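*Asks:* After the sequence you'll find the predicted model.
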Amino acid sequence: MKMEKKKISVLLLLFVLVVVALLVSMALGQYPIPFPLPDQKDPMLETILFEIRLPRVLAAVMIGGAMALSGASYQGMFRNPMVSPDILGASAGAGFGAALAILFSCNAGEIQVMAFIFGLLAVGLTLLVSKTISRKGNMTLILVLTGMVVSTLFSSLISITKYVADPDSKLPSITFWLMGGLSSVGSRDVKLLFVLFLVGAIPLLLVRWRLNVLSFGDEEAQGMGVDVPKLRLTVILASTLLTAACVSLCGLVGWIGLVVPHMARLLVGPNFKDLLPASTFLGAFFLLIVDDVARCAFSVEIPLGILTALIGAPFFLYLLMKGKKGWT
């Protein structure tokens, strides 16, 4: 009982941190926002605050939370702490879709749609191939291996697209998009992302108790009454929807889904009942802080993918060197 109260306190603290970070992020930037706001209306200040800053910080909250939630769910489903949300090819597929759209001079909305569609197609291809060849083999292992092949395939297609792109205009645009960022996010993007976030996150949070049972293995889980194929499909579809939606909006921002769940485990332990909400809050807080650094550290905005890699890779190496165990 005491341990349960401690975990609830940690979750509440993480939620408060997200709210505080969101408010602070609204004030930060090349044009500082004073708080409290002045009584006299300032059209320029209102435009910056509600049309530029607010959509951006809300997108950062949802993208960070969604990527961390997807990563924690995949790690539970595959029973492997090294798994990330792009394990089945969603990120590589979305990257190819965006690169293809940029190559054909599509607008920002069309680029997002192409990225989203190809992200879903990549995972669909992984599921189709793995189901075809699985037979009675280890479905989890086959999914991972097929996902690696599909990711490599789409990464190669991205390279081909970059090779044939105009080096003066299209190639820089493709390269910059692939590095990730939130500079082009608008109110309309946030509304759509919110809907997709709810559609993907709610199923994962509802089945989080059953993810604990998967740690015993498929046969034991089925013996306990869990429909393993149905649970696996639910996790894959919901996580893929979240990942594809995030990548289509902000580009390839890695490491969040791999590192943040480990940080959450250090705070609340391996029980997925607490781990998934903690990962969501911590991922939202993490990306908010990273995005603040990206747009405030220098006069030119730093791509998010660079910063998340610079922070995430050393931290993950630290976890490996410490040899933390008991993740499930």
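*Replies:* In hand now; what should we look at? Numbers count the residues shown, from 1 in each chain.
*Asks:* do you know how far the residue sitting furthest away from the middle of the chain is from residue 46?
*Replies:* Note on the chain: the largest C-alpha distance from the chain mean falls to residue 40, namely 39.4 Å (C-alpha atoms, centre = their mean). Separation of residue 40 from residue 46 (C-beta to C-beta, to the nearest Å) stands at 11 Å. Backbone N, C-alpha and C define where each C-beta goes, glycine included.
*Asks:* Let me see the contact set for residue 11.
*Replies:* Contacts for residue 11 (C-beta atoms under 8 Å, 6 or more residues apart in numbering) come out as 268, 274, 277-278, 281.
*Asks:* same thing but at 10 Å, please
*Replies:* Going by C-beta atoms under 10 Å, 6 or more residues apart in numbering, residue 11 touches 264, 267-268, 274, 277-278, 280-282.
*Asks:* roughly how far apart are it and residue 63?
*Replies:* Distance, residue 11 to residue 63, using C-beta to C-beta: 20 Å.
*Asks:* Spatially central residue for this structure, please.
*Replies:* The residue lying closest to the centre of the chain (C-alpha atoms, centre = their mean) is residue 67, at 2.0 Å.
*Asks:* Which SSE is immediately downstream of the helix or strand hosting that one?
*Replies:* Here residue 67, judged by DSSP states H and E, is contained in helix 54-78. Using DSSP H and E, the next helix or strand after helix 54-78 towards the C-terminus is helix 90-103.
*Asks:* what's the angle between the next helix or strand after that following helix and helix 90-103?
*Replies:* Using DSSP H and E, the helix or strand that directly follows helix 90-103 along the chain is helix 108-134. Relative orientation of helix 108-134 versus helix 90-103 (axes from the mean of the first three to the mean of the last three C-alpha atoms, to 10 degrees): 140 degrees.
*Asks:* just to revisit the earlier point, could you tell me the per-residue confidence at the residue farthest from the centre of the chain?
*Replies:* We have a pLDDT of 71 for residue 40.
*Asks:* What of the one 4 residues further on?
*Replies:* As summarised for this prediction, residue 44 has a pLDDT of 82.
*Asks:* Surely residue 224 touches residue 209?
*Replies:* No. Applying C-beta atoms under 10 Å, one finds residue 224 not in contact with residue 209, separated by 11.4 Å.
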